[in-house]
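In: when you get a sec, could you give me coordinates for this:
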Amino acid sequence: MKYLTDIQSVPNDPARLESLYQAAVKEGRAVEFRADMMECHIADPANLLYAAWYYRFQQAPAEVTAEAPERRINWSLALPLSALTGLILWLLSDPGLELNFNGGGLLSTITILAAPVVAGMVILFLALTGKRNYRRPALTVASLALVTAYAVLMAQRGSYSYTALLIPHLAALSLAAVGITLTGVVSASNTRFAFLAKVIEVAVTGGVYLMGVLIFAGITYTLFGALQVQLSDRVQLLLFLGGGGLIPVIAVASAYDPSTSPVEQDFTHGLSKMVAILPRLLLPLTLVVLVIYIFAIPFYFMEPFKNREVLIIYNVMLFAVMGLLVGATPVRPKDLSPRVQSLLRGGILAVTVLVILVSLYALSATVYRTVNDVLTVNRLTIIGWNIVNIVILVLLVYKQLRHGRKAWVDSLYATFNYACVAYTAWALFLVLALPWLFRT
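Out: Prediction:
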């Protein structure tokens, strides 16, 4: 957001804006200027000068999206950090580190600390490779460490339900920490969306590496078994868990270039195209399933009101659909024809509307069960996530209808930007507040 303030300070000065742009081109930061200009256009669509720049970039994207040279991956740092990550995760899996929680039950320390440890190593790799702005990564890691330490302390004093909820929510906060490291606390919508798109690509890349690790570990285990050599539990964990710990930093190194901002990443090579195509192929299939499901609801209307497992499925579905919408949204709209963009926008809107209906149905079931029983840790968590997701989906529809087809992609970026903030805020609230709201 280097140019955002400067652009907003001269909203009606074409000469000054042109000078800012030419300076950005000389510095090799034209993409960042474009991102900030797009943000200004979304915030003030009535400004004719901003609109002119918007259409200029839409018609002549080559000015600011020159093909990036082939980058060199910092394997000399990625490989040692990956090995260190695997070793730390393996050490944390020691049965002697199991924590005994109030209300009964044992839980291995690694289940809570795995995500923060991985996030810390990823941030370290990004900061050292990028070689700039060390203060932000340091503050982010320190904040994540404090929240994690607080959570572990509260978990041993709180209920087992709170402890189980820590696992996904600390993972969400760990991902948010990586995002803040790369984009800052306040970021342009398209910059944050580019980060989300890269997260999906990194996840797919990690999945490919994971298959290789599992095959290697499985072959090793089988070969020793053929010799009647029984590997100890700790050695097996080293193979599978330690090997899995190698993946996150290597996946990030493979798919992300720390020397450039998220919006300047390469989305045209590697797995990027597949990651973009697959969600768009799944979109019409999801639409068909949702339509059928909507018609089936009256025949099984009371099922979620009586069955807790059905509500869990609804919530998993809701997050899956949010991921699908993010994956289907184009990072480079110019790569799609106007007809494809129109169909894609229509599909996203249709899926969103149907998901809102199903989400309201699921929320009513959760509220009904709560009113007729008691408010528990799990119910508060589910109700909160339902409300957050419903608000985001309604906002998505509202922005699409308000801004229309011309700015439909930028409107999606803005919506997902709000979603990142809302997700982080609610996850942080749950981690910090639940032990005090539900004392046992």
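In: can you read off the pLDDT for L395?
Out: In this prediction, L395 carries a pLDDT score of 95.
In: go ahead and confirm it touches T415.
Out: Yes - using Cβ atoms under 8 Å, L395 is in contact with T415, at 5.4 Å. For every residue, glycine as well, the C-beta is placed using N, CA and C.
In: so between the two, which is more surrounded?
Out: Neighbour totals were compared for L395 and T415, and T415 leads with 24 against 17 (other Cβ atoms under 10 Å).
In: what's the closest non-adjacent residue to that one?
Out: Leaving aside its chain neighbours, T415 sits nearest to L396 (4.5 Å; criterion: Cβ to Cβ, 6 or more residues apart in numbering).
In: tell me the helices and strands packed up against the helix or strand the one you found falls within.
Out: If you go by DSSP states H and E, L396 is part of helix 377-403. Packed against helix 377-403 by the contact rule (3 or more Cβ pairs under 8 Å, 6 or more residues apart in numbering; DSSP states H and E) you find helix 160-183, helix 308-328, helix 338-371, helix 408-437.
In: quickly, which of these bottoms out on average pLDDT?
Out: helix 308-328 (a mean of 84).
In: so which bits of the helix or strand harbouring T205 are buried?
Out: Assigned by DSSP H and E, T205 falls within helix 189-226. Applying a neighbour-count criterion of 16 or more other Cβ atoms under 10 Å, one finds 189-202, 204-206, 209, 213, 217, 220-221 buried in helix 189-226.
In: ok, I112 touching H169?
Out: No - between I112 and H169 there is no contact under Cβ under 8 Å: 10.3 Å.
In: what do these two both touch?
Out: Listed contacts common to I112 and H169 are nil; contacts here mean Cβ atoms under 8 Å, 6 or more residues apart in numbering.
In: so what's the residue count around G327?
Out: The tally of other residues near G327 (other Cβ under 10 Å) stands at 20.
In: name the nearest residue to it, ignoring sequence neighbours.
Out: Nearest residue to G327, sequence neighbours excluded (Cβ to Cβ, 6+ apart): P279, at 3.3 Å.
In: which helix or strand contains the one you found?
Out: Per DSSP H and E: helix 272-296 holds P279.
In: can you tell me what sits against that helix?
Out: So helix 272-296 is contacted by 197, 200-201, 204, 266-267, 321, 324, 326-328, 330-331, 344, 347-348, 350-351, 354-355, 357-358 (Cβ under 8 Å, 6+ apart).
In: mind giving me the ChimeraX command for buried ones among these?
Out: Buried residues among these (16+ other Cβ under 10 Å), as a ChimeraX selection:
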select :197,200,201,204,266,267,321,324,326,327,328,330,331,344,347,348,350,351,354,355,358
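In: just to be sure, Y21 is in a helix?
Out: Yes - applying DSSP: H, G, I helix; E, B strand; the rest coil, one finds Y21 inside a helix.
In: what about the spatially closest residue to it that is not a sequence neighbour, neighbour count?
Out: Distance criterion Cβ to Cβ, 6+ apart; nearest residue to Y21, sequence neighbours excluded, is F33 at 5.6 Å. Under the neighbour criterion other Cβ under 10 Å, F33 is assigned a count of 25.
In: after the helix or strand bottoming out on mean pLDDT in the chain comes which helix or strand?
Out: Of all helical and strand segments in the chain, the minimum by mean pLDDT, DSSP states H and E falls on strand 106-107, at a mean of 55. Per DSSP H and E, the first helix or strand lying C-terminal to strand 106-107 is helix 109-130.
In: which elements pack onto that next one?
Out: The helices and strands touching helix 109-130, judged by 3+ Cβ pairs under 8 Å, 6+ apart, are helix 75-92, helix 135-157, helix 160-183, helix 247-255.
In: tabulate the ones you listed (a markdown table), appending mean neighbour count.
Out: Output for the helices and strands packed on helix 109-130, formatted as a markdown table (neighbours: other Cβ atoms under 10 Å):
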| stretch | mean neighbour count |
| --- | --- |
| helix 75-92 | 18 |
| helix 135-157 | 16 |
| helix 160-183 | 21 |
| helix 247-255 | 23 |
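In: do you know which of those lies nearest D410?
Out: helix 160-183 (16.6 Å; Cβ to Cβ).
In: helices or strands up against that closest one?
Out: In terms of contacts (3+ Cβ pairs under 8 Å, 6+ apart), helix 160-183 is packed against strand 106-107, helix 109-130, helix 135-157, helix 189-226, helix 377-403, helix 408-437.
In: same thing but at 6 Å, please
Out: Helix 160-183 is packed against helix 109-130, helix 135-157, helix 189-226, helix 377-403, helix 408-437, with contacts defined by 3 or more Cβ pairs under 6 Å, 6 or more residues apart in numbering; DSSP states H and E.
In: I180 versus R136, what's the distance?
Out: Noted for R136: a distance of 7 Å to I180, by Cβ to Cβ, to the nearest Å.
In: from G242, how far off is the residue most central in space within the chain?
Out: Nearest to the geometric centre of the chain sits L196, at 5.2 Å (Cα atoms, centre = their mean). Distance of L196 to G242, computed by Cβ to Cβ: 29 Å.
In: residues in contact with the closest residue to R402 other than its chain neighbours?
Out: The shortest distance from R402 to any non-neighbouring residue, by Cβ to Cβ, 6+ apart, is to S411 (7.7 Å). Counting by Cβ atoms under 6 Å, 6 or more residues apart in numbering, S411 touches K399, Q400, H403.
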